[in-house]
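> Here's a sequence, model it:
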Amino acid sequence: MFLIALTALRILGKRGVRQLSVFELVVIITLGSAAGDPMFYKDVGIIPAIGVFLMVVLWYLGITYLVGKSKKFERLIEGQPVCLIEKGVFAIDNFKKETLAQDEFFAELRVKGVSQLGQIELAVIETNGDISIFFYEDKDVVPGLSILPGVFQHHSTAIPEAGVYSCTFCGKTETIAGRRDSHVCDRCKKNKWSLASIRKRIT
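Okay, here's the model as predicted:
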């Protein structure tokens with residue numbers, strides 16, 4: 001069964017074993033289930049397992065062919081990329097559609113060297129779950145919401161002094177003049193703010 005599984009994955013090619021989309025993950029799980037039963041249970045023959053493997057591989061090749069021929073079918077099976085950050089602020093409506101916690105998303109960005117959202121021109125979540133980031137050049141970086149743990153946790157509804165602040169919900173950054181007990185973001189209508197960061201990206 002190990003050799004059969006190895007052969008099937010070789011037939012599927014690189015596309016079937018790179019970072020997986022939902023469709024490809026289903027294929028791998030199905031193959032794993034088909035391979036596991038003959039390994040664990042003596043009463044499960046190898047011939048039925050091979051039949052399952054052949055069916056899965058044929059379905060995979062057929063669906064992959066249709067995906068290559070039809071954009072609509074591709075979007076149905078694999079979904080489509082979604083913009084999460086545009087010009088340093090969250091695309092709120094798109095972000096709500098994704099099952100992605102803010103802390104998890106910030107961790108992904110930090111791994112890619114991001115310390116504040118003003119460094120990002122565009123961030124897109126791909127169909128395989130990876131996040132693609134297009135950065136501003138250093139000269140174009142603007143103040144933005146800091147995503148460093150120690151800084152982001154210090155947010156408040158009150159504005160202690162005049163300065164540049166970022167909304168912790170949508171990332172909009174604005175200069176707020178004078179001390180205020182509360183200030184509402186005109187983009188998302190939330191009122192929690194954090195001192196904006198002007199840090200450049202360290203590469």
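
> ok, then the element right after the lengthiest helix in the chain?
Determined from DSSP state H, the single longest helix within the chain is helix 46-69. Going down the chain from helix 46-69, the next helix or strand is helix 71-78, by DSSP states H and E.

> tell me which helix or strand of the protein sits lowest on mean pLDDT?
Every helix and strand in the chain was compared by mean pLDDT, DSSP states H and E; the lowest is helix 2-12, with a mean of 65.

> quick one: the longest helix of the chain to helix 71-78, angle?
Interaxial angle of helix 46-69 relative to helix 71-78 (axes from the mean of the first three to the mean of the last three CA atoms, to 10 degrees): 140 degrees.

> buried residues in helix 46-69?
49, 52-53, 56-57, 60, 63-64, 67 (16 or more other CB atoms under 10 Å). To be clear about C-beta, it is placed using only N, CA and C from the backbone, and glycine gets the same treatment.

> tell me which of these is nearest to Thr30?
Closest to Thr30 out of the buried residues of helix 46-69 is Val56 (5.2 Å), distances taken as CB to CB.

> Now do that closest one against Ile50, distance only.
11 Å (CB to CB, to the nearest Å).

> For stretch 165-180, measure first residue to last.
By CA to CA, to the nearest Å, the extent of stretch 165-180 from end to end equals 12 Å.

> and if you look at stretch 112-132?
End to end - CA to CA - stretch 112-132 spans 9 Å.

> mean confidence for that stretch?
Here stretch 112-132 scores 90 as its mean pLDDT.

> Could you do stretch 81-94 as well?
92.

> Just the buried residues of it, please?
So for stretch 81-94, counting by 16+ other CB under 10 Å, buried means 82, 84-85, 88-91.

> Tell me the one of these nearest Ser132?
Distances from Ser132 to the buried residues of stretch 81-94, taken by CB to CB, are shortest for Leu84, at 10.0 Å.

> Look at the closest one and give its secondary structure.
The three-state label given to Leu84 by DSSP: H, G, I helix; E, B strand; the rest coil is strand.

> How many residues are close by the residue nearest to it when sequence neighbours are not counted?
With sequence-adjacent residues excluded and distances taken as CB to CB, 6 or more residues apart in numbering, Leu84 is closest to Ala123, at 5.0 Å. Close neighbours of Ala123, defined as other CB atoms under 10 Å, add up to 24.

> Tell me who's in contact with Ala123.
Listed by CB atoms under 8 Å, 6 or more residues apart in numbering, the contact set of Ala123 reads 83-85, 109, 131-134.

> one more time with 6 Å, if that's ok
Ala123 makes contact with 84-85, 133, according to CB atoms under 6 Å, 6 or more residues apart in numbering.

> repeat for Ser132
Ser132 neighbours (CB under 6 Å, 6+ apart): 124, 126.

> Nearest to Lys192, out of the buried residues of stretch 81-94: which one, please.
Phe90 (13.6 Å).

> surely that closest one meets Lys172?
No: in this structure, Phe90 is not within contact of Lys172 by CB atoms under 6 Å, at 8.7 Å.
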